[in-house]
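>>> model the following, please.
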Amino acid sequence: MGTKTMRLALYQPDIPQNTGALLRLGACLQVPVDIIEPCGFPIDDKRLRRAAMDYANACEIIRHRSWQAFYSNFHTQRRGRLVLLSTAATDSFAEYQFEAGDTLLLGRESAGVPAEVHESVDTRVYIPMAAGARSLNVVTAAAIVLGEGLRQQGAFATEPREKA
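The predicted structure is shown next:
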């Protein structure tokens, strides 16, 4: 993958297993993960380590003490666009043109993101679902949208893989 890749950012997560799975996703796809605190669990929680398994050490993780700290750092680093995954969005992720510097922002599992955060992002996208379905698991949603973004950038190898 290129030097300027997409990123994942998790806003105030409250389920350590989801955070661990997101770190595993980041490690496997070589995508850095920003964790925006406070978290609803101790960040060194054993459930987090268990969910991430040995992948946490293979993932670039940046912790931010607050939304304000993350947002300030995001703009100072000029990372690109901030793309919120939201059930309240009006644009489908399938129609969105992702760029290498995009950061996918995922809300808190129990409450999403507050209005201040919603209004601060560059754009919002949703995942079309069956009628009556409320939402997907945050990691499942991240994997779907990140996969599409990386696919658009040609980030997946097309060479045959070695057999295990």
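>>> C-alpha only now, for contacts and for neighbours.
OK.
>>> biggest helix in the protein by residues?
Using DSSP state H, we find that the single longest helix of the chain is helix 138-152.
>>> so how far is it off the chain centroid?
Using CA atoms, centre = their mean, to the nearest Å, the distance from the centre of helix 138-152 to the centre of the chain it belongs to is 8 Å.
>>> next: stretch 32-49.
Worked out by CA atoms, centre = their mean, stretch 32-49 lies 13 Å from the chain centre.
>>> try stretch 141-158
12 Å.
>>> buried residues, that stretch. List them.
By neighbour count on 16 or more other CA atoms under 10 Å, the buried set for stretch 141-158 is 141-143, 145-146, 148-150, 153, 155.
>>> go ahead and confirm P128 touches T90.
No - look at P128 against T90 with CA atoms under 8 Å: they stay out of range, at 10.2 Å.
>>> if we can go back for a sec, between the buried residues of stretch 141-158, which is closest to C28?
Distance to C28 across the buried residues of stretch 141-158 (CA to CA) is lowest for A143, with 11.0 Å.
>>> relative to L10, how far out is the closest one?
To L10, A143 is 13 Å away according to CA to CA, to the nearest Å.
>>> likewise for W67?
Distance from W67 to L10, by CA to CA: 10 Å.
>>> overlap of the contact sets of the two?
Residues within reach of W67 and of L10 at once, by CA atoms under 8 Å, 6 or more residues apart in numbering, are I36.
>>> of these two, which one has the most company?
Set side by side, W67 and L10 show more neighbours around L10, with 25 against 17, by other CA atoms under 10 Å.
>>> quick check on the more buried one: phi, psi?
Main-chain torsions, L10, degrees, to the nearest 10: phi -110, psi 120.
>>> now do the same contact list for it.
Here L10 is in contact with 19, 33-36, 105-108 (CA under 8 Å, 6+ apart).
>>> thinking again about what came up before, which residues sit against the longest helix of the chain?
6, 8, 18, 21-22, 25, 85, 93-94, 97-100, 104, 106-107, 109, 127, 156.
>>> of those, buried ones?
The neighbour-count criterion (16+ other CA under 10 Å) marks 6, 8, 18, 21-22, 25, 85, 93, 98-100, 104, 106-107, 109, 127 among these as buried.
>>> so which of those belong to helices?
Using DSSP H, these in helices are 18, 21-22, 25.
>>> low-confidence ranges, this protein, go.
Low-confidence segments of the chain (pLDDT under 70): 1-4, 45-51, 157-164.
>>> re earlier: pull the CA atoms of the longest helix of the chain into CSV?
Presented in CSV, the C-alpha positions along helix 138-152 are these (Å, rounded to 0.1, in the frame of the first residue of the first chain):
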residue,chain,number,x,y,z
VAL,A,138,-18.9,-1.1,14.1
VAL,A,139,-16.1,-3.4,13.0
THR,A,140,-18.2,-5.0,10.3
ALA,A,141,-19.1,-1.5,9.0
ALA,A,142,-15.5,-0.4,9.1
ALA,A,143,-14.4,-3.5,7.2
ILE,A,144,-17.0,-3.0,4.5
VAL,A,145,-16.2,0.7,3.9
LEU,A,146,-12.5,0.4,4.3
GLY,A,147,-12.4,-2.5,1.9
GLU,A,148,-14.2,-0.5,-0.7
GLY,A,149,-11.9,2.5,-0.2
LEU,A,150,-8.8,0.4,-0.5
ARG,A,151,-10.2,-1.4,-3.5
GLN,A,152,-10.8,1.9,-5.2
